[in-house]
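> build the 3D model from these lines:
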Amino acid sequence: MIEGISEIARHNEKITIFLEYKQKEPRTHLQIANVAKVLYMIEEADLENIGVLIDVGHAWMADENLAESVAPVHRRGHRGIPLGG
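Numbering: from 1, shown residues only. Model prediction:
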């Protein structure tokens, strides 16, 4: 999965690819369930144009405190977009 995301990001490095995580999805399977997993994937890909999309509702579904979700993204210098839930 990391190789696939990296390939997409390298296709056009002028565009930032944002990864959104979600704890549950009744219609299909998910691979990225929380902020820790998405940060791990971004750090493994080691590309500047991959960021985190934080949906407030999805953070709550993952039993995360929103501030505790946003803080590690910010500390690592990743681009992130907090959204309303």
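
> which intervals of this protein have sub-threshold pLDDT?
Low-confidence segments of the chain, defined by pLDDT under 70, span residues 78-85.

> and with 50 instead?
Low-confidence regions of the chain, defined here as pLDDT under 50, cover residues 85.

> where along it do the strands fall?
Counting by DSSP state E, one finds strands in the chain at the ranges 17-20, 50-55, 80-83.

> give me whichever of the ones you listed is most buried.
Mean neighbour count, computed with mean count of other Cβ atoms under 10 Å, is highest for strand 50-55 among the strands of the chain, reaching a mean of 20. Any C-beta I mention is one placed from the backbone N, CA and C, and that applies to glycine too.

> in TSV: the strands of the chain, plus distance to I2.
Written out in TSV, the entries for the strands of the chain read as follows (distance: least, Cβ to Cβ, whole Å):
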stretch	distance to I2
strand 17-20	11
strand 50-55	10
strand 80-83	19
